[in-house]
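> just need the structure, nothing else, for what follows:
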Amino acid sequence: MNAVQSTWRQLVRRRLWPVALLLVVALAAVPIMLTRDAEAPLAPADPVPVTSDAEDSIAEPIVAKITAEDRTKRRRVLGSRKDPFKPAPVKKKKTAQATQASDKNATTESKTSAPTTTSGGGGSRVPSVPPVTEPSAPKPPAGSVTVRFGDATQEELLSGWLTKLRPLPDSEEPLLVFMGLTKNGKKAKFLVDATLTATGDGTCKPHPASCETIHLSRGETEFFDVIDPETGEPTAQYQLDLVAIN
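Okay, here's the model as predicted:
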């Protein structure tokens, strides 16, 4: 009893008796709260029946492995000999001025084609018609390269010039991309696809074992083998000749 009285006196002296009173009330309320009836637990939901169709659909894999036949059907090596250097046709609108100019030229040609007579008994003479000159071929722009490219198994390769960032053989399946010239302007840089293996006169960068880009000088030839990633065997071979640097 002396211990209880001494403890209570110390709490009163230190002004901690309200805290002690709250602790006593809390200890008395805990058994009352525990004796209350707990709420009835909810009944478990009925399990969803799993049909055999669902089990079969789960068992079937979503992604199917590609076979060699599917790969050969989808891969297009060179197609129907499409010319990668031929620009797309551009439709020109015929304006009213062009129509009037063509009508005027036709009238002038009809007048000049008719023979003219001279007075004084000199007889008739036909005016001379100037020869028709064919328009010259467009010159390749500066910084472009003239190349020959195509299937190495074919006898003839397609020839033309490439500007910077032009893909080969086409933009749908680009295997090579012309990245421009080197700093000294003596070599052409081509970005090489990861599925290609390069052999020839060019220089592989950054390393021959890791040929990310190929550098070619004028007159050099490079062969590119398309490697199947599953079998590791070549499926096609392309040839690239650097004819000139414009």
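
> Trp8: what secondary structure?
helix (DSSP: H, G, I helix; E, B strand; the rest coil).

> look up how far Ala29 lies from it.
21 Å (C-beta to C-beta, to the nearest Å). The C-beta positions use only the backbone N, C-alpha and C, and glycine is treated the same way.

> might you list the low-confidence residue ranges for the chain?
Where the chain drops to pLDDT under 70, the residues are 1, 4-5, 11, 17, 36-82, 88, 91-137.

> ok, the strand ranked longest in it: who's next to it in the sheet?
Among the segments of the chain that qualify as a strand by DSSP state E, the longest is strand 234-245. Strand 234-245 has the following strand partners under DSSP bridges: strand 145-151 (antiparallel), strand 221-227 (antiparallel).

> out of the ones you listed, nearest to Asn246?
strand 145-151 (6.5 Å; C-beta to C-beta).

> quick one: strands adjacent to the helix or strand following the closest one?
Tracing the chain C-terminally past strand 145-151 and defining elements by DSSP states H and E, one meets strand 158-162 next. Taking DSSP bridges as the criterion, strand 158-162 forms sheet pairs with strand 145-151 (antiparallel).

> buried residues, the longest strand of the chain. List them.
Of the residues in strand 234-245, Ala236, Gln237, Tyr238, Gln239, Leu240, Asp241, Leu242, Ile245 count as buried by neighbour count, 16 or more other C-beta atoms under 10 Å.

> from those residues, which single one is nearest Glu212?
Leu240 (16.0 Å).

> dump the helix or strand where Ala20 lies to PDB, restricted to CA.
Remark: Ala20 resides in helix 17-35, with elements defined by DSSP H and E. What follows is helix 17-35, C-alpha atoms only, in PDB (Å, rounded to 0.1, in the frame of the first residue of the first chain):
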ATOM      1  CA  TRP A  17      -1.800  12.200 -12.600                       C
ATOM      2  CA  PRO A  18      -4.100  12.900 -15.600                       C
ATOM      3  CA  VAL A  19      -2.000  10.600 -17.800                       C
ATOM      4  CA  ALA A  20      -2.300   7.900 -15.200                       C
ATOM      5  CA  LEU A  21      -6.000   8.300 -14.900                       C
ATOM      6  CA  LEU A  22      -6.400   8.000 -18.700                       C
ATOM      7  CA  LEU A  23      -4.400   4.800 -18.700                       C
ATOM      8  CA  VAL A  24      -6.600   3.300 -16.000                       C
ATOM      9  CA  VAL A  25      -9.800   4.200 -17.900                       C
ATOM     10  CA  ALA A  26      -8.300   2.600 -21.100                       C
ATOM     11  CA  LEU A  27      -7.400  -0.600 -19.200                       C
ATOM     12  CA  ALA A  28     -11.000  -0.800 -18.000                       C
ATOM     13  CA  ALA A  29     -12.500  -0.200 -21.400                       C
ATOM     14  CA  VAL A  30     -10.400  -2.900 -23.200                       C
ATOM     15  CA  PRO A  31     -12.300  -5.900 -21.800                       C
ATOM     16  CA  ILE A  32     -15.600  -4.300 -22.600                       C
ATOM     17  CA  MET A  33     -14.700  -3.800 -26.200                       C
ATOM     18  CA  LEU A  34     -13.400  -7.400 -26.500                       C
ATOM     19  CA  THR A  35     -16.600  -8.800 -25.100                       C
END
